[in-house]
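Enquirer: pasting the sequence and the predicted model now:
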Amino acid sequence: CWEERGDDIGRFFIVDANPPLSTLVDSVTRAFECGVTVFFEPTSVPKAKSLKDCDAFWRCVTFVSPNWDELISLASEEVLNVNDTIEYDETLMRNLVRTLLDRMNSKEACILLTLGDKGVVLAQRQQPDGQNSNQVAIQHFLPLNSV
């Protein structure tokens with residue numbers, strides 16, 4: 001652990017999907033086991049797809065910041081090709097967000113979904129008094145120029 005080495009480091013480990021899968025799983029597992037919060041940036045649809053079914057990875061991730069297409073690749077049961085697009089849909093978004101949050105670090109899972117000109121969505125699991133809960137808070141922030 002970093003703590004065992006006595007390093008004066010931050011409490012966040014930020015990683016994108018560029019390294020090989022085994023490296024990603026190993027690095028986030030080590031960070032998680034040392035009490036370091038993991039923030040993941042999927043990078044692209046193909047790279048997001050490669051992590052979709054990797055539970056060992058997702059149980060260590062607290063924050064993730066996909067765009068719409070990456071979220072679909074990470075949480076949808078549909079198999080999408082790189083050139084496929086699915087129009088943004090509020091109901092579908094809520095279902096996909098819940099699916100992904102259920103796979104993530106159960107204590108504090110949080111998704112920052114970027115939607116381009118449609119703004120951003122912040123979704124996180126609600127756990128009153130530290131209890132496990134399936135309640136999810138989802139808030140959609142529109143861009144300032146569309147208000």
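Expert: Ah, there it is.

Enquirer: for Leu24, give me its contacts.
Expert: Residues in contact with Leu24, defined by Cβ atoms under 8 Å, 6 or more residues apart in numbering, are 15, 17, 51, 57. Backbone N, C-alpha and C define where each C-beta goes, glycine included.

Enquirer: of those residues, buried ones?
Expert: 15, 17, 51, 57 (16 or more other Cβ atoms under 10 Å).

Enquirer: pick out the lowest-pLDDT one from these.
Expert: The member of these with the lowest model confidence is Leu51, at 91 (criterion: pLDDT).

Enquirer: can you give me the helices in the protein?
Expert: 2-5, 21-33, 45-51, 55-58, 68-75, 90-103 (DSSP state H).

Enquirer: flag the shaky bits of this structure, pLDDT-wise.
Expert: 1-10, 78-84, 127-134, 146-147 (pLDDT under 70).

Enquirer: centre-most residue in it?
Expert: Within the chain, the residue whose C-alpha comes closest to the C-alpha centroid is Val64; the distance, by Cα atoms, centre = their mean, is 2.6 Å.
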